[in-house]
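coordinates for the following, if possible.
(one chain, ligands or ions: 1)
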Amino acid sequence: MRDDRTGDFGSGTAALKALANADSVVMSGAVVSPSAIAEPVAGAEADAALWDRVKRRLRTELGEDVFQSWFARVEFEGADSLSVELSVPTRFLKSWIQAHYFDKLLTLWQVECASVRRIEIIVRGAARQRQPQRAEPAAVAAPEPVQPAPTLIPAAAAAASVAAAAVPAPRADAEGPGSPVDPRLTFETFCEGAANRVAYAAARAVAETPSGRPTAYNPLYLNAGVGRGKTHLLHAIAQAARAADPARKVVYLTAEHFMFRFVASLKNQSAIAFKESLREIDLLLIDDLQFLQGKSVQQEFCHMLNALIDGARQVVVAADRPAADLETLDERVRSRLRGGVAFEIEPPDLELRRQILRSRYRAAQAQHAGVAIPDTVIEYVAQSVVSNGRDLEGALNRLVAQWQFTNQPVTMASAEITLRDLVGVREPRRVKIEDIQKVVAVHFNVSKADLLSSRRTRTIVRPRQIAMYLSKTLTPRSLPEIGRRFGGRDHTTVLHAVRKVEELMRDDRGLADEVELLKRMIDE
Ligand SMILES: Nc1ncnc2c1ncn2[C@@H]1O[C@H](COP(=O)(O)OP(=O)(O)OP(=O)(O)O)[C@@H](O)[C@H]1O
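As a prediction, the model looks like this:
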């Protein structure tokens, strides 16, 4: 991807945040300029210590497995007050982090150092000396081979290398507006089962239907919790559709990438060209729609959706919840999505879990001569890792790593120890801010309108603060987002409420118990 090579992502993300909070700021060009790089504010050691803290937070938020897969080989190159430079060994890793973790990375850096506006990821082979006045990052000419990382903690390193070694270079959508497609994620490597049969069939139909004759499912909306194979299906559609008709204009785009491209096009005054390029698409695949934020971004997205669907082009959208539950999404977009057909991918049942494990094990055997995991252990994993495809894959990677680095056969006893944190994990129920407001209002005998109002009587202020505190602790929503959902308040008001409730609970056991009770009521 051309844009993946540039450092614009960081500034784009900062711009996205500004856009999400105040569109007019971005439109008037008041976004922090990426070229405004200040001199270093702290010594190299202090910066490296900040990176250590960011890594600790990443580990906690993402879990050890995800962290090891994507961040274990990220290295800190340098920082100044506005920007941070990280390096990775492969283009694929760079694209993946940019597509999936950019916002999180920036947010976590901003927790440590509020002035950071930009994160730049470079590929180590193409690393260059850090300059005080930054030029555009060097283009990455060719994919580098993935090296195992012997200096990492053995088991984790192996998990990372097992995951990475099977990764050929991603397809470079060289000139198009799309995000990279992972060539491993095809229909052939996707396991079909009761949980995903309908979604799988619809995905195949989309890939096989020629341009200009969209399927009856337009837009096709795929909804599923984490790790159940949405991204896999979208990548599979993209690759099968391109293989069936190389002339077909197929674009896979994450919602984050769409926002980034849109904001970047506004900044460099290429918005018209950007919009036109989107409207020429035959098949558009949008991933992680839940991350689409910002009024003008959503407006543009809605225009694009309308133009494509009305022009008989096929659109497929994936998100982690039904369209009706995408609370931050503009009602016009939701209503357009409701006009299509939605299919849910359920958690994998035992048979599907077995299939996914067997197929991953075959791939590992092809790659690591001599790897041996007994059938009983595979069955144990299928029976006990029940959450999703990603955890199943992670479990198998860990077992391969265990075999690789200990030189001992994998046994049931050793597998139980290696996988103990994955066993029996189920997806937590998703809590909505609306549910919290409802439960809190009933409990304190106030109305929801009171909670959202500007009234400042004590009987309303305290429930409102508790509802904000619960929204912060029980949902992944950001402070500005919570502020918006509570009658358009500023994020500092939400932060104050969260701190106030924490402080009160420390001194008042009764209040702490009441909040605990509310949590249980919300969770029911
Ligand atoms: N039915 C399946 N067959 C084969 N692999 C699967 C299946 N379901 C999930 N996986 C694998 O599990 C991993 C996670 O899947 P994927 O990234 O597609 O999930 P997702 O639904 O997009 O999750 P998220 O919302 O977290 O991005 C991928 O490596 C994918 O290949």
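
show me how the record splits this structure into domains.
The chain breaks down by automatic domain parsing into domains covering 2-135, 168-344, 350-418, 433-523.

can I get these in TSV with distance to the ligand and mean pLDDT?
For glycine as for every other residue, the C-beta is placed from the backbone atoms N, C-alpha and C. As requested, these are exported to TSV (distance: least, CB to the nearest ligand atom, whole Å; pLDDT from 0 to 100):
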stretch	distance to the ligand	mean pLDDT
domain 2-135	7	62
domain 168-344	3	87
domain 350-418	2	91
domain 433-523	12	92
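
I'd like these laid out as TSV, including mean neighbour count.
Shown next, in TSV, are the domains of the chain (neighbours: other CB atoms under 10 Å):
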stretch	mean neighbour count
domain 2-135	18
domain 168-344	19
domain 350-418	18
domain 433-523	17
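
so how far is residue 224 from residue 504?
According to CB to CB, to the nearest Å, residue 504 and residue 224 sit 39 Å apart.

apart from its neighbours in sequence, what residue is nearest residue 453?
Nearest residue to residue 453, sequence neighbours excluded (CB to CB, 6 or more residues apart in numbering): residue 487, at 6.3 Å.

hang on, isn't that neighbour packed against residue 454?
Yes - using CB atoms under 8 Å, residue 487 and residue 454 qualify as a contacting pair, with a distance of 6.8 Å.

overlap in contacts, those two.
Residues touching both residue 487 and residue 454 (CB atoms under 8 Å, 6 or more residues apart in numbering): there are none.

got the contact list for residue 284?
Residues in contact with residue 284 (CB under 8 Å, 6+ apart) are 251, 253, 278, 304, 308, 313, 314, 315, 316.

next, format those as CSV and append secondary structure and distance to residue 83.
Formatted as CSV, the contacts of residue 284 follow (DSSP: H, G, I helix; E, B strand; the rest coil; distance: CB to CB, whole Å):
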residue, secondary structure, distance to residue 83
251, strand, 30
253, strand, 26
278, helix, 29
304, helix, 31
308, helix, 36
313, coil, 39
314, strand, 40
315, strand, 36
316, strand, 36
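
and those, which is closest to residue 67?
Among those, residue 253 lies closest to residue 67 (CB to CB), at 26.0 Å.

what distance do you get for that closest one to residue 476?
22 Å.

again with residue 256
Counting by CB to CB - residue 256 and residue 476 are separated by 15 Å.

can you give me the helices in the stretch 351-500 of the chain?
Assigned by DSSP state H, counting those that start in this stretch, the helices in the stretch 351-500 of the chain fall at 375-384, 389-406, 412-418, 433-444, 448-452, 458-474, 479-485, 491-507.

just send these back as JSON lines, with distance to residue 89 too.
Output for these, formatted as JSON lines (distance: least, CB to CB, whole Å):
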{"stretch": "helix 375-384", "distance to residue 89": "29"}
{"stretch": "helix 389-406", "distance to residue 89": "18"}
{"stretch": "helix 412-418", "distance to residue 89": "25"}
{"stretch": "helix 433-444", "distance to residue 89": "40"}
{"stretch": "helix 448-452", "distance to residue 89": "49"}
{"stretch": "helix 458-474", "distance to residue 89": "36"}
{"stretch": "helix 479-485", "distance to residue 89": "35"}
{"stretch": "helix 491-507", "distance to residue 89": "37"}
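
out of these, which is closest to residue 351?
Checking the helices of the stretch 351-500 of the chain against residue 351 by CB to CB gives helix 375-384 as the closest, at 8.7 Å.

check which helices and strands the closest one is in contact with.
Under the contact definition 3 or more CB pairs under 8 Å, 6 or more residues apart in numbering; DSSP states H and E, helix 375-384 sits against helix 350-367, helix 389-406, helix 412-418.

just the helices in the stretch 201-350 of the chain please.
With DSSP H, counting those that start in this stretch as the criterion, the stretch 201-350 of the chain has helices spanning 230-244, 255-267, 271-279, 295-310, 331-338, 350-367.

now what about the fifth one, what contacts it?
It refers to helix 331-338. 219, 221, 292, 298, 301-302, 305-306, 309, 317, 323-324, 326.

change it to 6 Å
Counting by CB atoms under 6 Å, 6 or more residues apart in numbering, the neighbours of helix 331-338 from elsewhere in the structure are 219, 221, 298, 302, 305, 323.
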